[in-house]
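Asker: Any chance you can model this:
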Amino acid sequence: MSLDLTPVHRNLHTKVTFLGLEFEDLILVLALAAVMNLLAHFASGNAHVFGMPLNIFMEFVVPALAVPFLILFKYGRPRGYLTDLVRSFFAPKAWCALERDSVLTQPYLADEEG
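Answerer: Numbers count the residues shown, from 1 in each chain. Have a look, this model is predicted:
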């Protein structure tokens, strides 16, 4: 009876990026495109910017300008920085080292009695 062998991929810890952005960053750019399109429809129905309708400009040009901004903003920062930044805005006390722990009721370090 022979053993079935499966290939083992050796680069499982490799960062997956596209244009220097992580997956979460690209989701942010797509969400920005959808929000800008909605805002442009509600702002004015017949406005034009540089000869193109406002909704097309806001849907494509603004997210295209957001990609280089995100690349420059995240330069030199650790992986997952943007998600941690957003989480810190929604729960600022949870990420603060100065905030007292509500669960800890006794001292963390015990005094040595000798």
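
Asker: contacting residues for Val62?
Answerer: 32-33, 36 (C-beta atoms under 8 Å, 6 or more residues apart in numbering). Yep, even glycine has a C-beta here, placed from its N, CA and C like the rest.

Asker: same thing with Val67?
Answerer: Contacts for Val67 (C-beta under 8 Å, 6+ apart) come out as 19, 21, 29.

Asker: Which secondary structure element is home to it?
Answerer: Per DSSP states H and E: Val67 is located in helix 62-73.

Asker: Which helix or strand lies directly C-terminal to that helix?
Answerer: Past helix 62-73, the next helix or strand by DSSP H and E is helix 81-90.

Asker: the inter-axis angle of that following helix versus helix 62-73?
Answerer: Helix 81-90 runs at 100 degrees relative to helix 62-73, counting by axes from the mean of the first three to the mean of the last three C-alpha atoms, to 10 degrees.

Asker: For Glu24, give its distance to Asp4.
Answerer: 36 Å (C-beta to C-beta, to the nearest Å).

Asker: of these two, who's got more company?
Answerer: Ranked by neighbour count (other C-beta atoms under 10 Å), Glu24 and Asp4 place Glu24 first, with 13 against 4.

Asker: shouldn't that one be in contact with Leu82?
Answerer: Yes - with contact defined as C-beta atoms under 8 Å, Glu24 and Leu82 form a contacting pair (6.2 Å).

Asker: ok so, going back, go through the helix holding Val67 and flag the buried ones.
Answerer: Across helix 62-73, burial judged by 16 or more other C-beta atoms under 10 Å covers 62-63, 66-67, 70.

Asker: Now render the residues you listed as TSV, adding distance to Val103 and pLDDT.
Answerer: Shown next, in TSV, are the buried residues of helix 62-73 (distance: C-beta to C-beta, whole Å; pLDDT from 0 to 100):
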residue	distance to Val103	pLDDT
Val62	44	84
Pro63	42	85
Ala66	40	89
Val67	42	90
Leu70	36	90
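
Asker: Now do the strands in the chain.
Answerer: Listed in chain order, the strands of the chain (DSSP state E) span 48-49, 52-53.

Asker: Need the residues that contact the helix ranked longest in the chain.
Answerer: The longest helix of the chain (DSSP state H) is helix 23-43. The contact list for helix 23-43 (C-beta under 8 Å, 6+ apart) reads 16, 18, 21, 47, 54-55, 57-60, 62-63, 66-67, 70, 74, 80, 82-83.
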